[in-house]
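Participant: Provided below are the primary sequence and the corresponding predicted coordinates.
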Amino acid sequence: MSAASGATGVAPAETSPERTLAEALSRLAPRLATGATGVADLVRLSGGASQETWAFRLTGPQPRDLILRRRPDQARPGKEDLPLATEAAMIRLAAARGVPEPRVLHVLAPDEGAGEGFIMTRVEGETIGPKILKAPELETAREKFAPQCGRILAAIHAIEPGDLKLETRTAESTLKKMVDDHAEFGQDRPVFELALRWLAQNMPETPPLRLCHGDFRLGNLMMDETGVNAVLDWEGCHIGDPHADLAWLCVGSWRFGGEQPVGGMGPREELWEAYEAAGGGWVDRHAARWWEVAGNLRWGVIIEWMGGWIRAGADASVERHVIARRASEIELLLLADLTGREI
């Protein structure tokens with residue numbers, strides 16, 4: 001891909017958002033590493049439902065591969081994510097607690113011309129669910145996935161956020177937001193209405209609220225032969241019920257065809273027992289089921305948001321259109337949830 005001035009392979013007459021971004025990153029290069037002279041090989045990576053992820057290489061005596069996480073220039077309806085500076089601070093806090101994380105090197109300032117975001121080290125591994133479930137070299141990592149995730153979640157839920165301003169979410173507020181968002185962005189779907197009614201009638205007790213990741217699932221967990229080696233995408237971080245994180249990892253859409261409920265790779269009991277043994281606290285099985293049903297419906301409502309992004313002209317990508325067509329898949333998962341079946 002094109003690089004900024006100070007790097008190789010740039011067509012001087014080219015003007016594009018990518019080139020503007022590359023030029024801004026090139027100006028930042030000396031602050032990211034001693035002796036760095038610019039950036040090269042800037043490319044936007046696929047994936048990411050709401051934020052942009054860019055890979056690039058620092059040029060100079062010691063070339064280095066880095067990652068930029070950046071908010072899109074155009075707002076997307078329904079999204080209420082953290083400021084990315086807060087997300088960067090959360091990654092640093094998690095790393096200090098032993099959660100596997102990339103190292104945050106720089107948080108972008110408004111006058112730097114690169115938008116809102118932060119720059120971090122590049123961690124090598126796999127994040128694509130179907131590949132993780134099939135790669136022969138990840139067989140051992142898959143076997144220990146569920147208990148490892150239980151231990152990681154126990155560490156996350158023990159983090160004290162300090163003075164960071166985080167939203168508080170309870171079962172009640174989560175259900176209300178789904179009702180409101182479905183009314184605003186969705187269409188008549190009897191199965192969604194049935195799930196909303198079931199959730200209202202089966203509310204769990206509210207446990208002590210803790211810091212939650214908010215999107216802890218296959219796709220946001222990087223893996224190599226050793227297991228999970230990075231927890232990514234903290235944009236949904238909040239104070240809430242820890243069962244929400246435990247259940248979101250088991251939502252049907254995040255199993256990617258795997259037969260087991262925990263990311264397609266392990267049983268729920270292995271996740272819960274490891275979580276409890278690591279000091280995460282007792283797992284209320286009723287609450288875990290409630291949050292799993294809520295998680296399936298939440299993904300369905302997010303799919304409806306994405307339809308709103310398309311209609312608003314905020315995201316016309318092929319990826320977004322493909323995801324926006326998957327609400328019927330969620331209806332099938334919800335029917336299985338509500339009738340006590342695994343699919």
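Facilitator: Noted; the coordinates are in hand.

Participant: The residue nearest to residue 94 when sequence neighbours are not counted: what secondary structure?
Facilitator: Spatial nearest neighbour of residue 94, excluding adjacent residues (Cβ to Cβ, 6 or more residues apart in numbering): residue 101 at 5.4 Å. C-beta coordinates here come from the backbone N, C-alpha and C atoms, glycine included. Put simply, residue 101 is coil when judged by DSSP: H, G, I helix; E, B strand; the rest coil.

Participant: Tell me which residues touch residue 101, please.
Facilitator: Residue 101 is in contact with 91-92, 94-95, 230-231, counting by Cβ atoms under 8 Å, 6 or more residues apart in numbering.

Participant: what does residue 213 give?
Facilitator: Residue 213 makes contacts with 153, 156, 231, 234, 236-237, 245, as judged by Cβ under 8 Å, 6+ apart.

Participant: In helices, which of these appear?
Facilitator: Using DSSP state H, the members of these that fall in helices are 153, 156, 245.

Participant: Tell me the bridge partners for residue 68.
Facilitator: Assessed by DSSP bridges, residue 68 has beta-bridge partners residue 54, residue 119.

Participant: Mind pulling the model confidence for it?
Facilitator: Predicted confidence (pLDDT) for residue 68: 97.

Participant: pretty sure it contacts residue 25?
Facilitator: Yes: counting by Cβ atoms under 8 Å, residue 68 touches residue 25, with 7.0 Å between them.

Participant: Pull up the overlap in contacts between these two.
Facilitator: Residues touching both residue 68 and residue 25 (Cβ under 8 Å, 6+ apart) are 56, 114, 119.

Participant: Residue 142: helix or strand, and which one exactly?
Facilitator: Assessed by DSSP states H and E, residue 142 sits inside helix 139-143.

Participant: This protein: strands as residue ranges?
Facilitator: Remark: strands assigned in the chain by DSSP state E are 38-44, 52-59, 64-70, 104-107, 117-121, 210-212, 221-224, 227-231, 238-240.

Participant: Save the ones you listed as JSON lines, and put in mean neighbour count and distance to residue 169 too.
Facilitator: Compiled in JSON lines, the strands of the chain are given as follows (neighbours: other Cβ atoms under 10 Å; distance: least, Cβ to Cβ, whole Å):
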{"stretch": "strand 38-44", "mean neighbour count": "20", "distance to residue 169": "30"}
{"stretch": "strand 52-59", "mean neighbour count": "20", "distance to residue 169": "25"}
{"stretch": "strand 64-70", "mean neighbour count": "20", "distance to residue 169": "23"}
{"stretch": "strand 104-107", "mean neighbour count": "18", "distance to residue 169": "25"}
{"stretch": "strand 117-121", "mean neighbour count": "21", "distance to residue 169": "24"}
{"stretch": "strand 210-212", "mean neighbour count": "22", "distance to residue 169": "8"}
{"stretch": "strand 221-224", "mean neighbour count": "22", "distance to residue 169": "21"}
{"stretch": "strand 227-231", "mean neighbour count": "21", "distance to residue 169": "19"}
{"stretch": "strand 238-240", "mean neighbour count": "20", "distance to residue 169": "4"}
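
Participant: And those: which comes nearest residue 274?
Facilitator: Among the strands of the chain, the nearest to residue 274 by Cβ to Cβ is strand 227-231 (12.3 Å).

Participant: Now the closest one - C-alpha only, CSV.
Facilitator: What follows is strand 227-231, C-alpha atoms only, in CSV (Å, rounded to 0.1, in the frame of the first residue of the first chain):
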residue,chain,number,x,y,z
GLY,A,227,-3.6,-20.1,23.8
VAL,A,228,-5.1,-16.7,24.1
ASN,A,229,-2.3,-14.2,23.7
ALA,A,230,-4.2,-10.9,23.4
VAL,A,231,-7.7,-9.6,24.4
